[in-house]
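In: next input, structure requested:
(4 chains)
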There are 4 protein chains.
Amino acid sequence: MKKGLKIVTIGGGSSYTPELIEGFIKRHHELPIRELWLVDIEAGREKLEIVGAMAKRMVKAAGIDCDIHLTLNRREALADADFVTTQFRVGLLEARIKDETIPISHGMIGQETNGAGGMFKAFRTIPVVLGIVEDMKELCPDAWLINFTNPAGMVTEAVLQYGKWEKVIGLCNVPIISSKNEAAVLEKNEEELFFKFAGINHLHWHKIYDRDGKELTKQAIEKLYGPDAEPEKMVENIKSMRFLYEQILQLGMLPCPYHRYYYMTDSMLEEEVEAVNGEGTRGQVVKRLEESLFELYKDPNLNYKPKELEKRGGAYYSDAACEVINSVYNNKGTHMVVNTQNRGAISDLPYNSAIEVTSIITAHGAEPVHFGAFPSAQKGLLQVMKAMEELTIEAAVTGDYATALQAFTLNPLVTSGDIAKVVLDEMLEAHKEHLPQFHK
Amino acid sequence: MKKGLKIVTIGGGSSYTPELIEGFIKRHHELPIRELWLVDIEAGREKLEIVGAMAKRMVKAAGIDCDIHLTLNRREALADADFVTTQFRVGLLEARIKDETIPISHGMIGQETNGAGGMFKAFRTIPVVLGIVEDMKELCPDAWLINFTNPAGMVTEAVLQYGKWEKVIGLCNVPIISSKNEAAVLEKNEEELFFKFAGINHLHWHKIYDRDGKELTKQAIEKLYGPDAEPEKMVENIKSMRFLYEQILQLGMLPCPYHRYYYMTDSMLEEEVEAVNGEGTRGQVVKRLEESLFELYKDPNLNYKPKELEKRGGAYYSDAACEVINSVYNNKGTHMVVNTQNRGAISDLPYNSAIEVTSIITAHGAEPVHFGAFPSAQKGLLQVMKAMEELTIEAAVTGDYATALQAFTLNPLVTSGDIAKVVLDEMLEAHKEHLPQFHK
Amino acid sequence: MKKGLKIVTIGGGSSYTPELIEGFIKRHHELPIRELWLVDIEAGREKLEIVGAMAKRMVKAAGIDCDIHLTLNRREALADADFVTTQFRVGLLEARIKDETIPISHGMIGQETNGAGGMFKAFRTIPVVLGIVEDMKELCPDAWLINFTNPAGMVTEAVLQYGKWEKVIGLCNVPIISSKNEAAVLEKNEEELFFKFAGINHLHWHKIYDRDGKELTKQAIEKLYGPDAEPEKMVENIKSMRFLYEQILQLGMLPCPYHRYYYMTDSMLEEEVEAVNGEGTRGQVVKRLEESLFELYKDPNLNYKPKELEKRGGAYYSDAACEVINSVYNNKGTHMVVNTQNRGAISDLPYNSAIEVTSIITAHGAEPVHFGAFPSAQKGLLQVMKAMEELTIEAAVTGDYATALQAFTLNPLVTSGDIAKVVLDEMLEAHKEHLPQFHK
Amino acid sequence: MKKGLKIVTIGGGSSYTPELIEGFIKRHHELPIRELWLVDIEAGREKLEIVGAMAKRMVKAAGIDCDIHLTLNRREALADADFVTTQFRVGLLEARIKDETIPISHGMIGQETNGAGGMFKAFRTIPVVLGIVEDMKELCPDAWLINFTNPAGMVTEAVLQYGKWEKVIGLCNVPIISSKNEAAVLEKNEEELFFKFAGINHLHWHKIYDRDGKELTKQAIEKLYGPDAEPEKMVENIKSMRFLYEQILQLGMLPCPYHRYYYMTDSMLEEEVEAVNGEGTRGQVVKRLEESLFELYKDPNLNYKPKELEKRGGAYYSDAACEVINSVYNNKGTHMVVNTQNRGAISDLPYNSAIEVTSIITAHGAEPVHFGAFPSAQKGLLQVMKAMEELTIEAAVTGDYATALQAFTLNPLVTSGDIAKVVLDEMLEAHKEHLPQFHK
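Out: Residues are numbered from 1 along each chain as shown, chains lettered A, B, ... in the order given. Got it, this is the predicted structure:
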């Protein structure tokens, strides 16, 4: 890898970009970026210009020698790239809002990456990512693809299995947030704990060990979900973190926040219905947040990441991407939780699946820390979700209606039967513009 | 095996017993039964006496030399038995009705062997079966256990894994009925078709081949579930057989009738709610049927299986048990679909699981015809259901509340969250008398 | 399949052909063969004419309406065939004799299908079989390939994995001979025993059950290999059947005769060296036998299979081929031991491997009776041999020298190191004419 | 773990002990050892006293506050230990010499840890280790067992599976030596390379990556085994490192030195025969070395590890043990190659096997870096060797003769047949004193 990196960010007009820029600035002493290309599509031109201008201000303020390029020409950007990061949203927040509201209107969970909504996000995103991979094969065959576009697990699996591209690492901020939070409630220094995560994106479990080798998982469960859990020790969104204590104890592992959709389906749905009737879905809230963020970004004096970005929800996401790039470039051996190929690390899942797992990040990629087999409770949910992902990815690639219906049927958050077909049909119609493969 | 068999039927007072007797009579030329012991408990004494008297009349009318013993003393009966069949219902039909009505009252599927109801049937039944196995180890260690007590798959797995008893074959009439029905719609002779079943009890799929090696699966799907499916070609209960045609086509295999609960959850629930508000649940209907059957059985002139028994729903069940016994005794090599240990026959399930699979029935037991791996749509459902079964069996044996809650959470027919706990608690209370392991 | 079958036999000039003809004649009432095409190559023209003329006499004497065609044009013969059987020997017996003598001259086992010799037979045969498969795809895409060309297991695996042809059944006479022999020493009727075979071609183990379900494996071991084993109860070649009794007992299963090469390597080698210095290798003996057989076949009055053919060693081979064809054509469900795809039937081997296993032969192919996992002693040998086969097949297809060397190294009958390379080089040179893929 | 460690070394009279002491002294600033107990048996009393006295001098010279206890009472020593290391040799070097010479006298490889010799070392060692584990369960149930007694892989597996003791890490110096050597020939700094090892003890393969993520495996193969390999770049014992270049290239991985026994069996045997007729076997050489070492150790002025110990062959062994203890105690996350439980890290081996694999050493034990599946050439050898180990361990525990014979048959370094039995019998007799389980 030549010194002086070329980094390309697809979806460069995203509101997250300032965190990415901040992350690169913070690491500049060890991560010498020569060029950063922010790529977007015509529909994102305005946002790209706003956030791009701000990125340039940030770099300038930091006194760093790095060229920032803004372009709508993806192929021009990809030529000879060293790292390609993806953070785009096909159909923008409008599409997310449909993913949320249509299922809810039929009494089902409507969510960005879970249930029917998550599957439609995969349908829209996977073909675009596979197109990027095809370009990369031609234009930057030695580059790493660092994906943090959701659904990050299915995207990684599609890149590996259908794209036949091995240099990919998928990223999510959930394990980072959980680790920070749990270190806090355990009153420990995060660095001295060993977090062992395994599962799939947005559906993983983990254990915690302290510096004496003592497992602290049960203590963390007690502190976070036990009868005497003190609300102030929990994360911002307290309500959403509620679980049935005895269930989490039986797992013997810490759940991820998204498990609430599968373990507390009833109250999660109730909350969603309330939101729709109140402040709106998360997508609607985020849309308002984004608008005000871009208003801030327009300020020609703003040359640092504004605090307001944290409310956006993707905290640590872009920073994690910077850290992965840094670890690969400098062969740091950092322990991070990433999406990578299973190859037997989790015995309960197919060999070629993408999993999310604690890994050592090296210059030759992610080396998973081995996990093995899960107990029945975890295993069953994991396996049905992975089979659902396989069908979703296949449907995303082929546009086959029956395969999509089958994926809907397996998804625990979709009610099976005629209603599943009704929701599927309504969403296929609503997202028609971004799903050419289903409308051949 | 000495000539002149001793057969013991636990739950001998069942309304099915006349079919069993008829099955033995029909096979008497090759299956020389010396003694048949009908065993029941105190609560079933009256039914045992009625059906026992009728059994004696049937045997006498057939002119067969076979002693029929009626007893409430299980251990006396088991001594030196050659075959033990089980067909009992812990808690009688009253318990089944609770299994049906409580979940329905909370908006969930309430069913004898599926959803919350099926799990509670397992909780009540498994400890009793394991007790029988303990007696058998002592009193008839060479006998075969032929189980057709539901849930037949979980009972078989419990006997294998917790009872450590290998001479067990679990039975269900569903594959028999499906095969007969499909041969009919294909206008073929059942004997010349090869039916290849694999899965677990009440959740299996199958393929059909004709005598020229041509696969007829798709034709059968078309005839049964296609757009032009003629109602008169379907089974008695037409409505219940409805599936989404494109979904079944995508499977590439024929579903079992119970798949409706998982593939058509919405309309199945609707139907159940209607039934509760109308003629009652299936258990309530069956209870009335049973009462009138026992009235018939009391007729001192009735010495054959009355036609009315067929409406009872368990058609072919007892006959299948007779055929398994016959095949084992005479090493016939009959192809039957039974519950037996997986040992890799279905790649997607654990090695030690019980599966339901087309097998060759020999004197040394069931030899499964090998199956291999399922496509994603079948695999996902099968794996989550097996994990749910593992937890259910474990909870049945240990009485552990959290394990039961975990099984509830995995079950696709139970809504997860607080409501699952409410249903679990209500059912634990309702069945308290038959669940000592949960009320220690 | 149209009535009136067209059968094509590649290697039709083989001395086995009369047994094949006899087998077809014997089954003519249920197997209506319209045309039988005997195909050979220029080098086999004379033998084809002799044996072809005799085949015509046999059919005529039997009064059967079946056209026998002799041809050197394989493609003409394959057009619209229903079954294709293969029984050819690339390089004729001269090649076999090299396979035997070269390894022996270096102090290693030299054998037709085992050790270095067997690997070279695979190197020569697999490309020819794959060529036949290519022709079949074009000329008779619905035909079954019944292979009894050795090494039958590797050929079947190559057809499945490299030829991508699923309608293949591989055959061997060893299980047939073992079953007959063991029924005899057990003084039982073969039909009433259940033989459960599993493993790979020429390296399988089996268990025996009687009609009461009692396992007789140990009794058969005792009778055949026990301290009081009576020589007259053993097969023709007594000496060769010697095993270490305690070893076979520990297996808990009956070995196949070829296990002697792996379990009694020292005495087998000694015997081979003696043979070389005496009557010659088996190939040399067979060559003399074949010559005298063809002298017999020339007799224009001979119109039946002469008794002398039995000494040839391939007894039951061709008859088994006829029986497989009969079972497929008539969907008989016969239990036979054949080579087919594993798909998990033997847990210790890869999913896509060819295995040799007791199967039900139906019109849609071989349905393996499930086996599961082997104990350590069987497992270790089976796994190293399968890996050796994988490398051998790959080397046969690619002609890669290092892959061949790796296969030599894994083979337990080849001494590793410089000597392996010496033998490999000498054999590559000796068989140069038939190994174009290694001499590009 | 309380500050101030108690460490117990079983086999404390070993000539390696000074390296262990040196290792502890070197790490004293982070590894606060309060007590070190050197334990030996009556037969080793003299050596224990000599080396123990020297250990005391070393600690004193280093000015460290650590009590060294010498004892023949193992149970007294184990009480409340934090770490137990094992480095004993049942039967002393006399037994090793028998392990070497008896097989060689029958024309087979005679070696400390490979072939018949290695199996007998397992037979003698495993029961003793399991006895230590039983004592540990009672006397120090929270201690870690750090085993570097050979055969380290089989001992680790026995401890895990038969001893049911999970806190065990097995150690070998081979990966350390290979890594150092390969870094040298690649002219790289060892710290900046990533070595990925997987396999079983004394039979593993590895890959090397540099700090830019480039795989250097092929370069290392070229430098070490290529046509232009410069002798001076190889390890001390040049001759022994010879491999067939094309074979290693085909592997695509670096072999371990012990692979020579399996890949170059002919020349290794030749070398052994020469040694027997010359300077003696390795055991005989080591015995002379040990005698002169103990002469040195007697010197009351010697208070440091003498250079002569390096020739002993176990370089880095004891140092590695110190480093493992240090990493566990301080939760360092060091990458080391250790023997631990598979749980799917290597797909080709059973879930419960012990494997040797690059791991992260933490306070809660070894976390393997995931490996996945091997290509055929590695897989076949690995699987047959693991099955052989399973049988060897079982025979060591049960003393079953036939199981031992079966292990002999599977071992690629033992000629099968009557000769295997002869060697087995001769060795069972020769080691009778240390094999009570076989002489019940």
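In: can you name the residues that contact the residue nearest to the spatial centre of chain A?
Out: Here the mean C-alpha position of chain A is nearest to the C-alpha of A:Cys172 (Cα atoms, centre = their mean), at a distance of 4.0 Å. A:Cys172 makes contacts with A:Phe148, A:Ala152, A:Asn201, A:His202, A:Tyr317, A:Ala320, A:Val337, A:Asn339, A:Glu356, as judged by Cβ atoms under 8 Å, 6 or more residues apart in numbering or on different chains. C-beta here means a position set from N, CA and C on the backbone, and glycine is covered the same way.
In: chain neighbours aside, what residue packs nearest to the fifth one?
Out: By the measure of Cβ to Cβ, 6 or more residues apart in numbering or on different chains, the closest residue to A:Tyr317 outside its immediate chain neighbours is A:Asn173, 4.3 Å from it.
In: for that neighbour, give its distance to chain D.
Out: Taking Cβ to the nearest Cβ, to the nearest Å as the measure, A:Asn173 falls 23 Å from chain D.
In: ditto for A:Gly365
Out: A:Gly365 is 7 Å from chain D, where distance means Cβ to the nearest Cβ.
In: and if you look at A:Phe123?
Out: According to Cβ to the nearest Cβ, A:Phe123 stands 30 Å off from chain D.
In: can you name the residues that contact A:Lys223?
Out: By Cβ under 8 Å, 6+ apart, the residues touching A:Lys223 are A:Val185, A:Leu186, A:Ala229, A:Glu230, A:Lys233.
In: PyMOL command for the buried members of those?
Out: The following PyMOL line selects those of these that are buried, judged by 16 or more other Cβ atoms under 10 Å in any protein chain shown:
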select buried, chain A and resi 185+186+229
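In: from chain A, which residue is nearest to chain C?
Out: Chain A approaches chain C most closely through A:Tyr351 (10.6 Å), counting by Cβ to the nearest Cβ.
In: can you tell me the SS state at that residue?
Out: Assigned with DSSP: H, G, I helix; E, B strand; the rest coil, A:Tyr351 falls in the coil class.
In: so it is in contact with D:His370, correct?
Out: No. Counting by Cβ atoms under 8 Å, A:Tyr351 stays clear of D:His370, with 11.5 Å between them.
In: got any residues that touch both of these two?
Out: Both A:Tyr351 and D:His370 are contacted by A:Arg343, A:Gly344, under the criterion Cβ under 8 Å, 6+ apart.
In: looking at the two, which is more packed in?
Out: Higher neighbour count among A:Tyr351 and D:His370: D:His370, with 31 against 12, using other Cβ atoms under 10 Å in any protein chain shown.
In: could you measure from A:Thr85 over to B:Ala220?
Out: A:Thr85 is 51 Å from B:Ala220, where distance means Cβ to Cβ, to the nearest Å.
In: got it, and A:Val324?
Out: Distance of A:Val324 to B:Ala220, given as Cβ to Cβ: 52 Å.
In: near chain B, which residues of the stretch 301-440 of chain A?
Out: A:376-377, A:379-381, A:383-388, A:390-391, A:394, A:400-403, A:405-406, A:409-410, A:412, A:415-421 (Cβ under 8 Å from any Cβ of the partner chain).
In: go again using 7 Å as the cut-off
Out: Counting by Cβ under 7 Å from any Cβ of the partner chain, the residues of the stretch 301-440 of chain A lying close to chain B are A:376-377, A:379-381, A:383-384, A:387-388, A:390-391, A:401-403, A:405-406, A:409-410, A:412, A:415-419, A:421.
In: what residues does the stretch 201-350 of chain A have near chain D?
Out: Where proximity means Cβ under 7 Å from any Cβ, the interface of the stretch 201-350 of chain A facing chain D comprises A:Tyr209, A:Arg211, A:Asp212, A:Gly213, A:Glu215, A:Val328, A:Asn331, A:Arg343, A:Gly344, A:Ala345, A:Ser347.
In: nearest to D:Val59, of those residues?
Out: Set against D:Val59, the nearest of those by Cβ to Cβ is A:Asp212 (25.8 Å).
In: report the secondary structure state of that closest one.
Out: Classification of A:Asp212 using three-state DSSP returns coil.
In: so which bits of the longest helix seen in chain A are buried?
Out: Using DSSP state H to define each element, chain A has its longest helix at helix A:115-139. By neighbour count on 16+ other Cβ under 10 Å, the buried set for helix A:115-139 is A:115-130, A:132-133, A:135-136, A:139.
In: residue contacts, A:Gly226?
Out: For A:Gly226, the contacting residues are A:Tyr245, by Cβ atoms under 7 Å, 6 or more residues apart in numbering or on different chains.
In: now swap in A:Leu349 and tell me
Out: Applying Cβ under 7 Å, 6+ apart to A:Leu349 gives the contacts A:Asn342, A:Ile355, A:Leu382, A:Lys386.
In: cool, A:Leu391 as well?
Out: Counting by Cβ under 7 Å, 6+ apart, A:Leu391 touches A:Thr403, A:Gln406, A:Ala407, A:Leu410, B:Ser376, B:Ala377.
In: among those, which one has the most neighbours?
Out: Result: A:Gln406 is most packed of the contacts of A:Leu391 (other Cβ under 10 Å), 31 neighbours.
In: any idea which helix or strand comes after the helix or strand hosting it?
Out: Take DSSP states H and E as the rule and A:Gln406 turns out to sit in helix A:401-410. Once the chain leaves helix A:401-410, the next helix or strand it forms, by DSSP H and E, is helix A:418-430.
In: for the record, mean pLDDT for that next one?
Out: Helix A:418-430 carries an average pLDDT of 98.
In: by neighbours, which of the residues of the stretch 201-350 of chain A next to chain D wins?
Out: Of these, with other Cβ under 10 Å as the count, A:Ala345 tops at 30 neighbours.
In: mind listing the strands the helix or strand harbouring A:Pro368 pairs with, and their directions?
Out: In the assignment (DSSP H and E), A:Pro368 maps to strand A:365-368. Partners of strand A:365-368 in the sheet, by DSSP bridges, are strand A:354-362 (antiparallel).
In: buried residues in the strand it pairs with, which are they?
Out: A:Ala354, A:Ile355, A:Glu356, A:Val357, A:Thr358, A:Ser359, A:Ile360, A:Ile361, A:Thr362.
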